[in-house]
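J.: Return atomic coordinates for the entry below.
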Amino acid sequence: MTVVIGFEGSANKIGIGIIRDGEVLSNPRRTYITPPGQGFMPSDTARHHRAVILTVLKEALEQAELKPADIDCVAYTKGPGMGAPLVTVAIVARTVAQLWGKPLLGVNHCIGHIEMGRLITKANNPTVLYVSGGNTQ
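T.: This next block holds a predicted model:
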């Protein structure tokens, strides 16, 4: 059974999920929230992610009841997304992979959404329309 820990932080939400053969074992998240009427700036968002990422990592492992030795692979969102938050998450994921001696896998954010939809719906050959970004709302 393959166990993958995935780091996602391409915008104002940061999350670390642990998956074993398609089963979600944990998925704690934190969201950077700005005052009403203000958008989130990349540098502020990255600062938020740096402040909470190790806490979220600890929660993910505790909720999954796993230790680093139980993890087979470290994945992270490589892009697209906001540059500063992406870099923050990539640095932590790369560091964790090195410290734990695990392979590292960069994941395309858009494909991640599509594949998660396939996993959740259990669709074998879905037709997909993917629309992303604040400008689409």
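J.: residue contacts, residue 84?
T.: 42, 43, 45, 46 (Cβ atoms under 8 Å, 6 or more residues apart in numbering). In short, each C-beta sits where N, CA and C put it, glycine included.
J.: Tell me the most packed of those residues, by neighbour count.
T.: residue 45 (25 neighbours; other Cβ atoms under 10 Å).
J.: three-state assignment of it?
T.: helix (DSSP: H, G, I helix; E, B strand; the rest coil).
J.: so it touches residue 11, yeah?
T.: Yes. Using Cβ atoms under 8 Å, residue 45 is in contact with residue 11, at 7.1 Å.
J.: between these two, what contacts are shared?
T.: Common neighbours of residue 45 and residue 11 are listed as 82, 85 (criterion: Cβ under 8 Å, 6+ apart).
J.: Show me the two of the contacts of residue 84 that sit farthest apart.
T.: 43 and 45 (7.3 Å; Cβ to Cβ).
J.: which residues sit against the helix or strand bottoming out on mean pLDDT in the chain?
T.: Lowest on mean pLDDT, DSSP states H and E among the helices and strands of the chain sits helix 109-121, with a mean of 84. Applying Cβ under 8 Å, 6+ apart, the contact partners of helix 109-121 are 8, 10, 22, 77-81, 123, 126, 128, 130, 132.
J.: separation between the residue in the chain sticking out farthest from the centre and residue 84?
T.: Taking Cα atoms, centre = their mean, the residue of the chain most remote from its mean C-alpha position is residue 37, at 26.3 Å. Here residue 37 is placed at a distance of 22 Å from residue 84 (Cβ to Cβ, to the nearest Å).
J.: Residue 19: helix or strand, and which one exactly?
T.: Residue 19 belongs to strand 13-20 when assigned by DSSP states H and E.
J.: following that strand, which helix or strand comes up?
T.: Following strand 13-20 in sequence, per DSSP H and E, is strand 23-26.
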